[in-house]
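*Asks:* Predicted model, plus sequence, below.
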Amino acid sequence: MGDDMNWNDCEPYGNTVVKTPNIQRLANEGISFDNMFTSTAMCAPSRQQLMTGLYPIRSGAFPNHSEVYRGVRSFAHHFGDMGYEVALIGKKHYGPSDSVPINYLGGVQHDTGVDGDDIDLDKIKPIVSGEKPFFLIIAQNQPHSPWNRGNSDQYKAEDLTIPEYMVDSPLTRSHLSSYYNEITYMDSLLGKTLDIIDKAEKTNNTISIFTSEQGYSFPYGKWTCYDLGLKTAFIAKWPGKIEPNTRNKATTQYVDIVPTLLDAVGQNPLHFDVGIADASGNKNFDGKSFYPAMKGETQKHRDYTYGVHTTRGVINGSESYPIRSVRSIKYKYIQNLSHNDFFYNILTAKDKQRPISLIYQSWVENAQTEDELNWVKQYKKRSYEELYDLENDPYEKNNLANHVEYLEIKKDLKAQLQSWMNQQGDLGIESEMKAISRQNRTGKGEWYSYVQKLKSKI
């Protein structure tokens, strides 16, 4: 899986600049899903959705650098109980260990780029070539900032075409060049992984998946409920079961993936206990299998996807800025529950020691029109409600929440969002204020120690 990578920054999703031959190879041999979403655009919550099939508030892993509640059962239990070797190499960002009992093969949690390789793929060879069936996650750190891997000559900053959802500035160009370098580097790791599976003669009996995690760490991507934050690439191949070079427009979410993979290996996802109940006492997954879509039997799955963002507890984050969203195929509705305050994170910090924190200010200074400047400023100061027509405004720049002709659409989506929050036991601001208690604050967690070091520099 990628790490802080926009869904559309690879060849199968239309990017003609970034070189991703191995992601394209996977797409040529499998199926690309065009509407896959995580429900939180931060690493630990996204990864634990994938592992548990549960949304963040219910699982407990809703702020960044957080853990699920004790007693939650994950894919490691479900597949381990069936005799699978369950292993992960690279970045963790999950816990506690008894909820995710994985064979950890090593790696670093935050790549500095100066301490050698962050991942040693030779360590997966015994797992892949072993006698037991395996569930293996390759979780390298790219293209998460700081962008320090890859060939720096591949993407010249001055030659780049800046996407319409970014502001053209010297810093944008410099960062985008480095970010693209890391995507191509990451793509090479996917290629090596697929080659290892091939050499072990396991390709025909392996479901091989690439997903991009949440969006990149520029404004309106990571740390938001906009599509640049929540939408993700998802490509899967399974020779003989998945038709090669196909696409599917079904709306799916990360919580659906574990139920889908259980279904794919002949298990009924409804028979699994996730170890924690929702507000109605149900102990099943929040997700549901989209295996029929994976096999090409349908182009439909969900009517709605949901988003939750917790700013409390992130580096340089607002004291409290909870965001909730619901998305239909055509519309996105967002609630900013602390809209009277400002939205802050590392991008707005203006810390000269960390160049990524200067990007927002560079957008303010380089906006070319009044409309563009107003859109940039909206990143920090938002309305209580936002509504977007995604067919005509895919980058969510034109807020329709107060337009009379959209009131019924807004009303329906608002009701859907509230129903989901009730099912999750989500109390909005009250839940947000509990965020710190969900983070690993024992001082023993690797990502907690890293965050404390960063905070000491700001």
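*Replies:* Alright, I've got the coordinates. This structure is a prediction, so every number in the text was calculated from the model and none was measured.

*Asks:* can you give me the strands for the stretch 251-400 of the chain?
*Replies:* Counting by DSSP state E, counting those that start in this stretch, the stretch 251-400 of the chain has strands at residues 305-309, 323-327, 331-336, 385-389.

*Asks:* Can I get the first one in PDB? Just the C-alpha atoms.
*Replies:* To tie it back to what came earlier, the one meant is strand 305-309. Extracted C-alpha coordinates of strand 305-309, given in PDB (Å, rounded to 0.1, in the frame of the first residue of the first chain):
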ATOM      1  CA  THR A 305     -19.600   6.500   1.900                       C
ATOM      2  CA  TYR A 306     -18.800   8.300   5.100                       C
ATOM      3  CA  GLY A 307     -15.900  10.400   6.400                       C
ATOM      4  CA  VAL A 308     -14.700  11.500   9.800                       C
ATOM      5  CA  HIS A 309     -11.700  13.700  10.700                       C
END
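
*Asks:* tell me what that strand is packed against?
*Replies:* Contacts defined by 3 or more CB pairs under 8 Å, 6 or more residues apart in numbering; DSSP states H and E place strand 305-309 against helix 227-230, strand 246-253, strand 323-327. C-beta: built from backbone N, CA, C; applies to glycine.

*Asks:* Let me have those in a markdown table, adding distance to M433 and mean neighbour count as columns.
*Replies:* As requested, the helices and strands packed on strand 305-309 are exported to a markdown table (distance: least, CB to CB, whole Å; neighbours: other CB atoms under 10 Å):
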| stretch | distance to M433 | mean neighbour count |
| --- | --- | --- |
| helix 227-230 | 22 | 27 |
| strand 246-253 | 26 | 20 |
| strand 323-327 | 15 | 26 |
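
*Asks:* now these as CSV including distance to G307?
*Replies:* Listed next are the helices and strands packed on strand 305-309 as CSV, based on distance: least, CB to CB, whole Å:
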stretch, distance to G307
helix 227-230, 5
strand 246-253, 10
strand 323-327, 4
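
*Asks:* Any chance of the strands of the stretch 251-400 of the chain in TSV with distance to M166 as columns?
*Replies:* Formatted as TSV, the strands of the stretch 251-400 of the chain follow (distance: least, CB to CB, whole Å):
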stretch	distance to M166
strand 305-309	20
strand 323-327	21
strand 331-336	19
strand 385-389	18
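
*Asks:* how about TSV for those strands, with distance to Q49 and mean pLDDT added?
*Replies:* Listed next are the strands of the stretch 251-400 of the chain as TSV, based on distance: least, CB to CB, whole Å; pLDDT from 0 to 100:
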stretch	distance to Q49	mean pLDDT
strand 305-309	10	98
strand 323-327	15	98
strand 331-336	19	98
strand 385-389	23	98
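
*Asks:* closest one to H93 among those?
*Replies:* strand 305-309 (16.5 Å; CB to CB).

*Asks:* can you state the direction angle for that closest one and strand 246-253?
*Replies:* If you take axes from the mean of the first three to the mean of the last three CA atoms, to 10 degrees, strand 305-309 sits at 50 degrees to strand 246-253.

*Asks:* before we move on, the earlier item: nearest approach to A293 belongs to which of the helices and strands packed on strand 305-309?
*Replies:* Closest among the helices and strands packed on strand 305-309, using CB to CB: strand 246-253, at 4.2 Å.

*Asks:* Parallel or antiparallel, list what pairs with the closest one.
*Replies:* strand 31-37 (parallel) (DSSP bridges).

*Asks:* and whichever helix or strand comes after the strand it pairs with with strand 305-309, angle?
*Replies:* Later in the chain than strand 31-37, the nearest helix or strand by DSSP states H and E is helix 43-52. Computed with the same axes, to 10 degrees, the direction of helix 43-52 lies at 140 degrees from that of strand 305-309.

*Asks:* which other helices and strands contact helix 43-52?
*Replies:* Partner elements for helix 43-52 (3+ CB pairs under 8 Å, 6+ apart): helix 56-59, helix 75-80, helix 257-264.

*Asks:* In PDB, list the C-alpha atoms belonging to the strand or helix carrying K411.
*Replies:* Using DSSP H and E, K411 maps to helix 407-424. Provided in PDB are the C-alpha atoms of helix 407-424 (Å, rounded to 0.1, in the frame of the first residue of the first chain):
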ATOM      1  CA  LEU A 407     -32.000  22.200   0.200                       C
ATOM      2  CA  GLU A 408     -33.800  18.800  -0.200                       C
ATOM      3  CA  ILE A 409     -30.500  17.100  -1.300                       C
ATOM      4  CA  LYS A 410     -28.800  18.600   1.700                       C
ATOM      5  CA  LYS A 411     -31.600  17.500   4.000                       C
ATOM      6  CA  ASP A 412     -31.400  13.900   2.800                       C
ATOM      7  CA  LEU A 413     -27.600  13.700   3.100                       C
ATOM      8  CA  LYS A 414     -27.700  15.300   6.500                       C
ATOM      9  CA  ALA A 415     -30.200  12.600   7.700                       C
ATOM     10  CA  GLN A 416     -27.900   9.900   6.300                       C
ATOM     11  CA  LEU A 417     -24.900  11.300   8.100                       C
ATOM     12  CA  GLN A 418     -26.800  11.500  11.400                       C
ATOM     13  CA  SER A 419     -28.000   7.900  11.100                       C
ATOM     14  CA  TRP A 420     -24.500   6.700  10.500                       C
ATOM     15  CA  MET A 421     -23.100   8.700  13.400                       C
ATOM     16  CA  ASN A 422     -25.800   7.200  15.700                       C
ATOM     17  CA  GLN A 423     -24.900   3.700  14.500                       C
ATOM     18  CA  GLN A 424     -21.200   4.400  15.300                       C
END
